[in-house]
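Undergrad: build me a model from this:
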Amino acid sequence: MAGKDERRRLPRLKTRLSAKVVHGETVLDCVIKDKNILGARLLLGEGAAVPGVFHLLQLKSGELYEAKLVWTSYPECGVAFTSTTELSKETSPEFARFKKLWVGVGG
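TA: Numbering: from 1, shown residues only. Next up, the predicted model:
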């Protein structure tokens, strides 16, 4: 894992944040183990596999990331963020589905 750390442009903060991987109709639970503004390392549930591009919903904050899979070593994977949306400030109908997922867990 040291090799991955050395290639990062910014250090990551260790976390243990509940999140959801959302792709089409598929919603998977995961844990964000560490993150920075550029990406994160996820811990996936048993048998879970993430697609190449997906949305990552951080449940506590309501931040929604468009994410790209960079590496995988089950049960973990690394992702790069391509955009970030704060659901608490978003009123566009395109984010309604994500807001329902977030509010459904206490967001």
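
Undergrad: tell me which residues touch the residue nearest in space to the middle of the chain, please.
TA: For the chain, residue 56 is the residue whose C-alpha lies nearest the centre (C-alpha atoms, centre = their mean; 3.1 Å). Applying C-beta atoms under 8 Å, 6 or more residues apart in numbering to residue 56 gives the contacts 19-22, 30, 32, 40, 42, 64-65, 67, 79, 81. Where you see a C-beta, it was placed from the backbone N, CA and C, and this is true even at glycine.

Undergrad: buried stuff in the host helix or strand of it?
TA: Here residue 56, judged by DSSP states H and E, is contained in strand 53-58. Neighbour counts over strand 53-58 (16 or more other C-beta atoms under 10 Å) mark 54, 55, 56, 57, 58 as buried.

Undergrad: distance between the helix or strand that it is followed by and the chain's centre?
TA: Sequence-wise, the next helix or strand downstream of strand 53-58 (DSSP H and E) is strand 63-73. On the basis of C-alpha atoms, centre = their mean, to the nearest Å, strand 63-73 sits 6 Å off its chain's mean C-alpha point.

Undergrad: residue 51: what secondary structure?
TA: Secondary structure state of residue 51, per DSSP: H, G, I helix; E, B strand; the rest coil, is coil.

Undergrad: that one: how many residues sit nearby?
TA: The tally of other residues near residue 51 (other C-beta atoms under 10 Å) stands at 12.
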